[in-house]
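1. sequence plus predicted model, see below.
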Amino acid sequence: MMAIRELKVCLLGDTGVGKSSIVCRFVQDHFDHNISPTIGASFMTKTVPCGNELHKFLIWDTAGQERCLGLPALSTLPSFGFVLLNTRPSVGLACAYSGVGALSASPGVP
Ligand SMILES: Nc1nc2c(ncn2[C@@H]2O[C@H](COP(=O)(O)OP(=O)(O)OP(=O)(O)O)[C@@H](O)[C@H]2O)c(=O)[nH]1
């Protein structure tokens, strides 16, 4: 039986940049033109073989509309990594980056 390694990943970014679409494509290999905005956060998993292990991705997709307000709560989700998406550099990135900076200073966040 193959060992399972869990990798926690959190997607951050402004609303409408395509976070949920990327998760949907990765997990279900599907693209939905009418995908609904995320409320709060959603959670999905995907397990893929990697060498002699199975890598189980635990994916938190956050709501862009609440990116600033929601980030502090994310500090309770120790993650392997964060995926930061942005299509409007002047708007959302600074806020998201400052939030990630705060998160990276939190205990348990690599
Ligand atoms: N043409 C095109 N449309 C995309 C692409 N990715 C996402 N979209 C569309 O952009 C819109 C927003 O995509 P979402 O994946 O919901 O974006 P989001 O960042 O999760 O948004 P929130 O849930 O509000 O934070 C949807 O109508 C998608 O169908 C892409 O690569 N190309």
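-> Structure's in. What do you need?

2. which other helices and strands contact the helix or strand hosting Met44?
-> Assigned by DSSP states H and E, Met44 belongs to strand 41-50. For strand 41-50, the packing partners by 3 or more C-beta pairs under 8 Å, 6 or more residues apart in numbering; DSSP states H and E come out as helix 19-28, strand 53-62. Every C-beta, even on glycine, is put in place using the N, C-alpha and C of the backbone.

3. surely Lys8 touches Trp60?
-> Yes. Lys8 is within contact range of Trp60, at 7.5 Å (criterion: C-beta atoms under 8 Å).

4. residue contacts, Pro49?
-> Counting by C-beta atoms under 8 Å, 6 or more residues apart in numbering, Pro49 touches Met2, His55.

5. again, only using 7 Å
-> If you count contacts by C-beta atoms under 7 Å, 6 or more residues apart in numbering, Pro49 has none.

6. try the one 3 residues further on
-> Contacts were defined as C-beta under 7 Å, 6+ apart; by that measure Asn52 touches Met2.

7. state the distance from it to the ligand.
-> 34 Å (C-beta to the nearest ligand atom, to the nearest Å).

8. any idea how far Gly18 is from the ligand?
-> The value you get for Gly18 to the ligand, if C-beta to the nearest ligand atom is used, is 3 Å.

9. tell me what the nearest residue to that residue once chain neighbours are set aside is bridged to.
-> Spatial nearest neighbour of Gly18, excluding adjacent residues (C-beta to C-beta, 6 or more residues apart in numbering): Leu85 at 6.3 Å. Taking DSSP bridges as the rule, Leu85 bridges to Gly13.
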